[in-house]
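A.B. asks: Please work out how this folds:
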Amino acid sequence: MTMSELERFARWVEDLIRQRGYDIDSPRGGGKSRLADEAGVHRAAITRLLQGQSMPDLETTRRLAHVLRVPVRDMLIRSGRLSEEDLPLPDLGGGGLDAVAPPRRLTLEEAAAGLGVPREQWDMFIRVAGQFLPADPDSARGAAEHGSAAAVKGAGKG
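C.D. replies: Numbering: from 1, shown residues only. I've put the predicted structure just below:
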C-alpha cells in the first residue's frame, strides 16, 4: 500500500466520521474518544488512521464500518486491501437489463447470513427485520419469500 492510498482512505473515513456527527475538529470535541468507545477500539487507532500513519487492522476496520454505518466491503475496497473483483456483490437473480422476471427477494435468513449477523442472533434479527417488510396479500407466497416473516409478524402479538 502506498502512502497516497492510506491518505486517500484516511480522508474518506474522516469525511464519514464528520458526516455521522463526530466532532473531530475541536480539541475538546471528544469525537475521536466517542467514536473509539462506540466502536470498542483504542483511541490511538483512530488517531493513527486520521493522521495517515497506519491502516487499522481487520477487526478495527469491521468495528468502524459498523459504527459509521457503511458496509465492511466498502471499507475494505476503499482501503485498497481488496478490490471489487475480490469481493463481488452476490447475483440476486435479477439478470441483465433485458430480464423479464423480477429479482427474487432475499429471505430474512439469507439477509442475516449475507450481512454477517452471528448465527445465535438470527432469531432476533428476523423478528426485528420482519416488522419492516411490506404486507403481502398472498401470505403463503410472502412467507416463502420472506423466510419466517409471516410468523414474525404474529410473534409480537399476544
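A.B. asks: Verify the stated contact: Phe9 with Arg78.
C.D. replies: Yes - contact status for Phe9 versus Arg78: in contact at 5.5 Å, counting by CB atoms under 8 Å. The C-beta positions use only the backbone N, C-alpha and C, and glycine is treated the same way.
A.B. asks: Settle it for me: which of these two has more neighbours?
C.D. replies: Phe9 (22 against 17; other CB atoms under 10 Å).
A.B. asks: how near is the more buried one to Met124?
C.D. replies: Look at Phe9 and Met124: by CB to CB, to the nearest Å, they are 33 Å apart.
A.B. asks: now do Thr107
C.D. replies: Where Met124 is concerned, Thr107 sits at a distance of 16 Å (CB to CB).
A.B. asks: cool, Glu38 as well?
C.D. replies: Glu38 is 20 Å from Met124, by CB to CB.
A.B. asks: ok, those two, which is more surrounded?
C.D. replies: More crowded of Glu38 and Met124, by other CB under 10 Å: Glu38, with 15 against 11.
A.B. asks: Who's the closest spatial neighbour of that one, skipping the chain neighbours?
C.D. replies: Distances taken as CB to CB, 6 or more residues apart in numbering place Val67 nearest to Glu38, at 4.9 Å, with adjacent residues excluded.
A.B. asks: Can you tell me the element that neighbour falls in?
C.D. replies: According to DSSP states H and E, Val67 maps onto helix 58-68.
A.B. asks: quick check: domain ranges of the protein?
C.D. replies: 3-79, 108-155 (automatic domain parsing).
A.B. asks: can you list those in a markdown table and add mean pLDDT and distance to Leu87?
C.D. replies: Shown next, in a markdown table, are the domains of the chain (pLDDT from 0 to 100; distance: least, CB to CB, whole Å):
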| stretch | mean pLDDT | distance to Leu87 |
| --- | --- | --- |
| domain 3-79 | 92 | 5 |
| domain 108-155 | 68 | 12 |
